[in-house]
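**Student:** What shape does this take:
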Amino acid sequence: MNSKKINRKNFLKLTGMTAGAAAVIGSLRLMKDDIFSDKKYQHTSFSKIKMNLDKEKTPVYISAAQNPTKKAMEEAVSNTVEAASDFKWLKKGQTVFIKPVLNSGNPYPATTNPVALSAMIRLLRRKGAGRVIVGDMSGIEHLKFFEDRTTGSSRKLMEASGMLSAVTEAGGEPYFFEKAGWDSFYEDTTDKPGLWKKNIMMPSILKEADHIVLMPRCSRHILAGSSLGLKAVVGYWRTDTRLEYHYNAKSLHELTAEGNRATTLLDKQRLVVSTGDKLLSTVGPDDGYIQTPDEALVIVSESVVAHDMVSLAWLLHNRTTLPEDMQNKFLDHSTGVAKIVNKVVVKMLSGWGKAAASETLFKNDLKTIWDDRVLNHGYKISGGIPDIDLVNVKSRVSEKTLKKLHAMVHG
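**Tutor:** Next comes the predicted model:
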């Protein structure tokens, strides 16, 4: 099991940010707060949500590469996706938009696996797709995108991550939302009234796409707890939408789930495809302990909620195997650090005045998948907890792993 600790430079950078924020906005007192001090935002327990047994089981297809080579992973991705979909939704010549995770320029698993991305582009081409567009917009720490100015480049970050060459060599078309400008976004609504006060600003390139394939990674997240498929939606949003998201921090988890109910995504998103051969098992979203599980898992589903249930189970299961000296218990479990870091994010989005007035983030610990507020709200707004049917493609996943994941996603 290979690994990599969060490096000293990034650790000092993070702790320096939190200390500076505390000094400016008087947030040291937040370190004493308990996550459940505001009962309204206490996570919903599994017992209070009903599993959706009235509908058919929701399949999640899993497989594993039999060795760590690029070819083996490409084959595992292609085989799992083809098992999950008959591609009847794709007509010859249609445009497919692939949404990866490009929150930074750091390589996989801090960002999407370029090998999986290349395999997906080639598969879509074989199935008859015309344009295959791959696009995202990086996070505020690395890209400052405002109405009157832009600093940084998602293209350069995609190049640094290793994804850009994978996209172009496979015949994909890279696209970066900020390059099209502030006015190249449109207002999208969710399918039912919720916590969002304004409509969500989405990139207009999605209007040119007939279908969307989401390709996240499997990672911890210092604010939300995890960064899987549902959390990847933030990459679509214009800066003003991201500001509302972080400003109204008490409901950040629930806003994440509701963002996935945007009309465009409900109409066009066909598949969620991720790999779990490497995990960012601590801290996140950009840096942390890189863990290499014993099995190079591939996870595919038509449902982002179902996908995330299995992806989170895989992350949490592997975290139990972390050596003691590789765990980052302070950054992973501190509610105070998360609160301060969110204030810093608001500051970068709009200044210290807005940061001081913003809500306090309440981060709950993730011991099981039923502790995840993003998923729990996702169940509520999508009809209940999916009854997961784990499909072991070509029987490549061990019975031990299959049984473990089954137990974790069925309570």
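**Student:** tell me which residues of stretch 391-400 are tucked away?
**Tutor:** Buried residues in stretch 391-400, counted by 16 or more other C-beta atoms under 10 Å: 391-393, 396-397. Heads up, the C-betas are built off the backbone N, CA and C, glycines and all.
**Student:** Sorry, wrong one. I was asking about stretch 172-182.
**Tutor:** 172-178, 182.
**Student:** what's residue 273 sitting at in phi/psi?
**Tutor:** Backbone geometry at residue 273, expressed as degrees, to the nearest 10, gives phi -130, psi 120.
**Student:** where's it relative to residue 123, distance?
**Tutor:** Going from residue 273 to residue 123 by C-beta to C-beta, to the nearest Å gives 10 Å.
**Student:** Find the residues that touch each one of these two.
**Tutor:** Common contacts of residue 273 and residue 123 (C-beta atoms under 8 Å, 6 or more residues apart in numbering): 77, 81.
**Student:** Give me the more crowded residue out of the two.
**Tutor:** Higher neighbour count among residue 273 and residue 123: residue 273, with 28 against 22, using other C-beta atoms under 10 Å.
**Student:** show me what contacts the more buried one?
**Tutor:** Contact partners of residue 273, counting by C-beta under 8 Å, 6+ apart, are 77, 80-81, 116, 120, 213-215, 298-300.
**Student:** Now with 7 Å, please.
**Tutor:** For residue 273, the contact set (C-beta atoms under 7 Å, 6 or more residues apart in numbering) comprises 77, 81, 116, 120, 213, 215, 300.
**Student:** repeat for residue 74
**Tutor:** Going by C-beta under 7 Å, 6+ apart, residue 74 touches 115, 118-119.
**Student:** any idea of the mean pLDDT for the strand or helix carrying it?
**Tutor:** Following DSSP states H and E, one finds residue 74 within helix 70-84. Across helix 70-84, pLDDT averages out at 97.
**Student:** Would you mark the buried spots in that helix?
**Tutor:** Using 16+ other C-beta under 10 Å as the test for burial, helix 70-84 gives 72-84.
**Student:** Doesn't residue 64 lie inside a strand?
**Tutor:** Yes. According to DSSP: H, G, I helix; E, B strand; the rest coil, residue 64 belongs to a strand.
**Student:** Of the buried residues of stretch 172-182, which belong to strands?
**Tutor:** Per DSSP state E, strands hold the following members of the buried residues of stretch 172-182: 173-176.
**Student:** now the buried residues of helix 70-84 as a markdown table including distance to residue 311?
**Tutor:** Below are the buried residues of helix 70-84 laid out as a markdown table (distance: C-beta to C-beta, whole Å):
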| residue | distance to residue 311 |
| --- | --- |
| 72 | 20 |
| 73 | 17 |
| 74 | 20 |
| 75 | 21 |
| 76 | 16 |
| 77 | 15 |
| 78 | 19 |
| 79 | 18 |
| 80 | 13 |
| 81 | 15 |
| 82 | 20 |
| 83 | 17 |
| 84 | 14 |
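**Student:** coming back round to it: run the chain-centre distance for the helix holding residue 74.
**Tutor:** Here helix 70-84 is found 21 Å from its chain centre; the criterion is C-alpha atoms, centre = their mean, to the nearest Å.
**Student:** 892 is where my numbering starts, stick with that
**Tutor:** Sounds good: first residue 892 from here, last item helix 961-975.
**Student:** Quick check: what element follows it along the chain?
**Tutor:** As assigned by DSSP H and E, the chain's next helix or strand after helix 961-975 is strand 987-990.
**Student:** buried ones in the next helix or strand after that next one?
**Tutor:** As assigned by DSSP H and E, the chain's next helix or strand after strand 987-990 is helix 1005-1017. By 16+ other C-beta under 10 Å, the buried positions in helix 1005-1017 come out as 1005-1015.
**Student:** For my notes, confirm residue 1163 occurs in a strand.
**Tutor:** Yes. Under three-state DSSP, residue 1163 sits within a strand.
**Student:** what pLDDT does it get?
**Tutor:** pLDDT, residue 1163: 99.
**Student:** Then residue 936?
**Tutor:** 43.
**Student:** what residues are up against residue 1007?
**Tutor:** 964, 968, 1106, 1164, 1166.
**Student:** Surely the third one is in contact with residue 1008?
**Tutor:** Yes. Because the distance of 6.1 Å satisfies C-beta atoms under 7 Å, residue 1106 is recorded as touching residue 1008.
**Student:** shared neighbours, the two?
**Tutor:** 989, 991.
**Student:** Just give the number of residues close to residue 1243.
**Tutor:** Residue 1243 has 14 neighbours, counted by other C-beta under 10 Å.
**Student:** how close does it get to residue 1087?
**Tutor:** Distance, residue 1243 to residue 1087, using C-beta to C-beta: 25 Å.
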